[in-house]
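# Model the following, please.
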Amino acid sequence: MAGFMKMKGLAATLGIGSTKAANTGAALVNMRYTDVIADPHAASTNAASCHLLGTAGAGQLLTTGVTTPTVFNDIDFPRNLVVWADGACTSAITITGTSQFDAVISEAIACNGAAIIAGTKIFKTITGVSCAAYTGGAQTVYIGVGSILGTSRIMNGLCIDGAVYTTASGASTAVQETTRPVKAPTAAVYGVTFNTALAASKTYLVSYGSSEVR
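Modelled structure (predicted):
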């Protein structure tokens, strides 16, 4: 009986809900995982700036004038990105980098002047930024972090749950999200948005299902 109870406890911890009688080649049994994200940057902060120095109408790589390059190579957690400008830029800002799974990705986010425009893909690193033809003369485009946090595994989007606690107070003070975290709306993008705004003083827990086993 003691051995049976131990196995039952292990199953509950891992979230194993069913088994297969035979190998049918289908997806593996669904597993439950919990990601712990401590002290993330608030959305749209810790921005890197890229100066548009070229002639109006000419597309260019934004490789000069980057004032805070650490943001490009050391995003605090895999997450979506946002762009805005200090001028009338309405160009597509194309960002290349890697996802949380180390796949090479790119995303074009249409800038709209000072309005903060959010992308939808999850970036772990940024390796390059380019700008299509633009108007408005020399100005600065800013790249910041968004509020969609990438999950460590491919998620199925069902039965997502979350909790938040003040980091200094510890996990025992965690409060379940009344409005559950929402999966990123773009297909093949695996991340969630919490109802509680992101803050560097809080820790966020997200529980979700995945068929990925590592």
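# Next one: the residue lying closest to Pro40 once chain neighbours are set aside from Gly209, what distance?
Once flanking residues are discounted, Pro40 sits nearest to Leu198: 4.8 Å by C-beta to C-beta, 6 or more residues apart in numbering. The C-beta positions use only the backbone N, C-alpha and C, and glycine is treated the same way. Distance of Leu198 to Gly209, computed by C-beta to C-beta, to the nearest Å: 23 Å.
# check which helix or strand covers Ser44.
Taking DSSP states H and E as the definition, one finds Ser44 inside no helix or strand.
# what kind of secondary structure is the nearest residue to it once chain neighbours are set aside in?
If the residues on either side of it in the chain are set aside, Ser44 comes closest to Gly144, at 4.3 Å by C-beta to C-beta, 6+ apart. Following DSSP: H, G, I helix; E, B strand; the rest coil, Gly144 is assigned to strand.
# ok, Gly144 touching Ile75?
No. Counting by C-beta atoms under 8 Å, Gly144 does not reach Ile75; the two are 10.3 Å apart.
# now the most centrally placed residue in the chain: how far from Ala168?
The residue lying closest to the centre of the chain (C-alpha atoms, centre = their mean) is Arg79, at 2.0 Å. Separation of Arg79 from Ala168 (C-beta to C-beta): 23 Å.
# how about the helices in this structure?
Along the chain, the segments classed as helices by DSSP state H run 2-14, 70-73.
# Those: lowest mean pLDDT?
Among the helices of the chain, helix 2-14 carries the lowest mean pLDDT, a mean of 37.
# Which residue ranges of the protein form strands?
31-38, 48-52, 60-61, 79-85, 92-98, 104-110, 117-118, 125-131, 139-150, 161-166, 175-176, 182-183, 191-193, 202-210 (DSSP state E).
# can you give me the mean pLDDT across the fifth one?
Strand 92-98 shows a mean pLDDT of 87 in the predicted model.
# now do the third one
Confidence over strand 60-61 (mean pLDDT, whole number) is 57.
# Kindly report the same for the first one.
Averaging the model's pLDDT scores along strand 31-38 yields 93.
# helices or strands next to that strand in the packing?
Packed against strand 31-38 by the contact rule (3 or more C-beta pairs under 8 Å, 6 or more residues apart in numbering; DSSP states H and E) you find strand 202-210.
# and the strand it packs on, which strands flank it?
strand 31-38 (antiparallel), strand 161-166 (antiparallel) (DSSP bridges).
# who wins for proximity to Gly191 among those?
strand 31-38 (10.1 Å; C-beta to C-beta).
# For that closest one, buried residues please.
31-33, 35, 37 (16 or more other C-beta atoms under 10 Å).
# quick one, what contacts Phe77?
37, 40, 149-150 (C-beta atoms under 8 Å, 6 or more residues apart in numbering).
# give the contact list for the residue nearest to the centre of the chain.
Here Arg79 is in contact with 40, 122-123, 145-150, 191 (C-beta under 8 Å, 6+ apart).
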